[in-house]
Each structure stands twice: as structure tokens, then as C-alpha cells.
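1. Give me a model of this one.
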Amino acid sequence: MDVEKPPPRPSPSGPPPYGPSPEGCLVRVIRLPVRIVVLVLVLPVRMLWDALVVGGRVVRDTVLRPLGRAAALLGWALFVWPWTALWRYVVVPVGRVLGLLGRLLVVVPLVWLHRRVLTPLGHALAWAGRGVATALAWLYARVLTPVGHALAWLVRGIGLVLAAVAAGVYAGLAWLVGRLVVVPARWLYRWVLVPVGRAAAWCGRAIVRCGRGLWWLGTAAVKGAGFVLYWIVRVLLVLPAGAVCRWVLVPAARALAVVAREVGEALGHAWRVAGRISLAVGRLLGTLFRRILVEPVRWVYRTVLTPVGHVVRDTVLRPAAEAARAVGRATGQALTAARRTVRQARADVRRALLGEPRRPRPAARREPLARETRTLGSSTTALTKD
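-> As a prediction, the model looks like this:
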């Protein structure tokens, strides 16, 4: 059993795999016991797994596939074929009959109604509509258009008068608003609002300066308190936690990683070795099964059953098959004779009831029926023959 670790594969970006291995003595001491223990634990599982795989393949090939084919055939016979037959022999003929009835009872009457009734009626209505449209166009051009022009001229004159009156009223109102509202508002803005606004701005600037001073004092106090708290937390929590992580947790994690890696590699190696052992055991069992059961059965089949089967085939089955074929041929000949007799009787009854059928008269052909010897006064062409 190979218990040595395989050489590492060269990576395209890392250093070459030559030189001393970076593994320590702890890894080499752990590897061999772990692989032995894991192989002892994995070997029964692998052999059981291989036995289940072989059993599953045998069950699939000998049981599940025939059952699946039988179920598919049964499903086709129970579900597919009835619906196919129903569609082919019931739905399609009924649909064709319904389509023919719909064409005779609906389509043909509707086409006749459209062609003989609706089309002439539509032509008459179109002619009447053209007449009404002509009358309405004359009424619009000769009556409504002059009346509309007169009303438009009247409305335009009234609009000009109203615009002049509105312009005078607007000018008067503008003069009154300028004297009563604009001049007092301008005086109030210049002598009242401007001085008050300047005083309010000076007070606001003074308040802002005071607020800036108070903000600077608060910021300095907060920064000092934060600096003190930072160093307290760093000295009491951060530095001890960093020391514990660096000198305790990291070495423990590295050791656990080494153990986990070795266990994983041992599992893979043990699974492969167990597969080889399981394959050897399976081949041994197959050889024993073939030597103990298959070859004796094959020898019995070849040396005993095959000659007996040939004798039974030559002495019993072939004569029985020849007799069955002779009976089948006699039955077929009897059925053929019966069909001919029935056909002849049906023809005789039809002749007795309806008489002899008319035979077609031979057409007068201008060409000669048989080839004759050509002479100086005869010809076989259509233009010069007798």
C-alpha cells in the first residue's frame, strides 16, 4: 500500500517543486497513522458501495428495463392507441361531415345572400349617399358660406370697438395704480424696510460669530475625550486581543488546518486503495462464480442440452412444422376456391337480375389493325391512305 504523499504539481505562477519540502516532522508523524486508520474505516464502505453499484446495474438491466418497456407498451395500448383510433375513425369523419353540412347549409346561402341581395342594396345606398352629399355640398357653398362671412365681419367690428374701450379703461387703471400703490410702496421700501434689514443682518452676523466660537469649543472638547477613550480601548482591549490572536489562535488554526488537510488526503487515498482492493475481491468472486457455476452450466448446455435439442428439432418439431404448413396451404386453397365460387354466384345473380352488362363498342380506327405489305397504291399515312 502506497502511503507516501504524491509529489506536488508545478503551478504556473509559483516556484518550481524541486528542493526541500516545507512540511515539518509533525506532518510526517501524523500522516501514516491517519492513513492506516482511515483505510481500515473506508474499506468496508467502499466494498459495500461497489456491491451496491453492481447490484443496481444488474437490477437495471434485468428488471427495470424490461418493466419499463412493458409499461411503455401497456401505456401506449391503454392511452395512446384508443385516442388515436378515436381521432382517426370517429372525430375526423364526423368533422368532415360537419364541414360539408356547414358549407351546404351556411356558406352557400350566405354567399348567395351577399351576391344577390346585399351587393345590389349596397350599390343603391351608395348612389343615394352620393346624391345627398352633392345636395349638402351645394347648400354649404351657396348658403352657409355667405352667411358665415357676414357673421364674421359683424363679430370683427364688435371686437374692434370692445378693444378700444378696454384700452382706455386699462390706461386709466394703470395711472391710478401707479399713483396710489407704486409710489407709496417705493417710499416704504427705501426709508423703512432697507434700514430695518441692515440692522437685522448685522445682528445675524454677530450671532453667527458667537455660534462659531461655541462650535470650536465643543469640537475641541469632543476630540480630547475621543483621544482619551481611543487610547484606553487600545491599551485595555485591542493590544491583548491582538496578542491572543497572534500567539494562540493562529498557531492552533494552522495545526487544525494541517490535521484537516491530512485527514482529507488520507480519505482520498484510502478511497482509491479501497477501490483497488474491492476490484480485486470482485474479480476473485467473479472468477469463482464462473468456475463453480457458469462453466459447468455451459458444459452441460453444450454437451447435453444442445444434442438433445437438435434431436427433438429434427424428429419432432420439423415434421410438425411441415404438417402445419401443409394444413395451412390446404386451408388457403379451400378458402380461395370458396371465394371464387361466391364471386361466380354473385355474378350470376347480378346477370339474372340486371342482364348482361353493355360491352364497349370498338372505336373505328383509321390506322390498320395489323401491319400489311406496302404496295404502290396503298400508304399508311393519314393523308394518302385509302
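2. What ranges in the stretch 201-350 of the chain fall below the confidence cut-off?
-> Counting by pLDDT under 70, not a single residue of the stretch 201-350 of the chain qualifies.
3. mind listing the strands for it?
-> Along the stretch 201-350 of the chain, counting by DSSP state E, counting those that start in this stretch, no stretch forms strands.
4. Tell me, how many residues neighbour residue 107?
-> The number of residues packed around residue 107, counting by other C-beta atoms under 10 Å, is 11. In short, each C-beta sits where N, CA and C put it, glycine included.
5. repeat for residue 258
-> Neighbours of residue 258 under the rule other C-beta under 10 Å: 16.
6. From residue 174, how far out is it?
-> Shown here: residue 258 relative to residue 174, a distance of 99 Å by C-beta to C-beta, to the nearest Å.
7. And residue 62, by the same measure?
-> Using C-beta to C-beta, one obtains 112 Å as the distance from residue 62 to residue 174.
8. Name the SS class of residue 356, please.
-> Secondary structure assignment for residue 356 (DSSP: H, G, I helix; E, B strand; the rest coil): coil.
9. For it, give me the pLDDT.
-> Predicted confidence (pLDDT) at residue 356: the value is 70.
10. same check, this time on residue 6
-> 48.
11. now do the one 3 residues further on
-> As summarised for this prediction, residue 9 has a pLDDT of 52.
12. same question for stretch 70-88, mean pLDDT?
-> Per-residue pLDDT over stretch 70-88 has a mean of 90.
13. mind checking the end-to-end distance for that stretch?
-> Looking at stretch 70-88, the gap from its leading to its trailing residue is 25 Å under the measure C-alpha to C-alpha, to the nearest Å.
14. Show me which residues of it are buried.
-> By 16 or more other C-beta atoms under 10 Å, stretch 70-88 has no buried positions at all.
15. Against residue 205, how distant is residue 199?
-> In terms of C-beta to C-beta, residue 199 sits 11 Å off from residue 205.
16. If you could redo that for residue 196, that was the one I meant.
-> In this structure, residue 196 and residue 205 are 15 Å apart, going by C-beta to C-beta.
17. cool, and residue 101?
-> 101 Å.
18. and stretch 186-206, how far out from the chain's middle?
-> Put simply, stretch 186-206 sits 77 Å off its chain's centre (C-alpha atoms, centre = their mean, to the nearest Å).
19. And residue 145, which helix or strand is it part of?
-> Here residue 145 is covered by helix 145-177, with elements defined by DSSP states H and E.
20. my guess is residue 270 meets residue 43, correct?
-> Yes - at 7.4 Å, residue 270 and residue 43 qualify as touching, with contact defined as C-beta atoms under 8 Å.
21. Show me which of those two is the more surrounded one.
-> When residue 270 and residue 43 are compared for neighbours, residue 270 comes out ahead with 24 against 18, by other C-beta under 10 Å.
22. Please give me every residue in contact with the more buried one.
-> Applying C-beta atoms under 8 Å, 6 or more residues apart in numbering, we find residue 270 in contact with 35, 38-39, 41-43.
23. can you redo those residues as a markdown table with pLDDT, secondary structure and distance to residue 110?
-> Compiled in a markdown table, the contacts of residue 270 are given as follows (pLDDT from 0 to 100; DSSP: H, G, I helix; E, B strand; the rest coil; distance: C-beta to C-beta, whole Å):
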| residue | pLDDT | secondary structure | distance to residue 110 |
| --- | --- | --- | --- |
| 35 | 75 | helix | 91 |
| 38 | 77 | helix | 88 |
| 39 | 76 | helix | 89 |
| 41 | 81 | helix | 87 |
| 42 | 82 | helix | 84 |
| 43 | 81 | helix | 87 |
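24. quick one: which two of the residues you listed are the most distant?
-> Across these, the two members that end up farthest from each other (C-beta to C-beta) are 35 and 43, 12.1 Å apart.
25. measure residue 195 to residue 202 for me?
-> Applying C-beta to C-beta to residue 195 and residue 202 gives a distance of 11 Å.
26. Check residue 161 too.
-> Residue 161 sits 59 Å away from residue 202 when distances are taken as C-beta to C-beta.
27. and if you look at residue 111?
-> Taking C-beta to C-beta as the criterion, residue 111 is separated from residue 202 by 100 Å.
28. Between the two ends of stretch 188-201, how far is it?
-> Its start and end residues considered, stretch 188-201 measures 19 Å (C-alpha to C-alpha).
29. List the buried residues of that stretch.
-> Judged by neighbour count using 16+ other C-beta under 10 Å, stretch 188-201 contains no buried positions.
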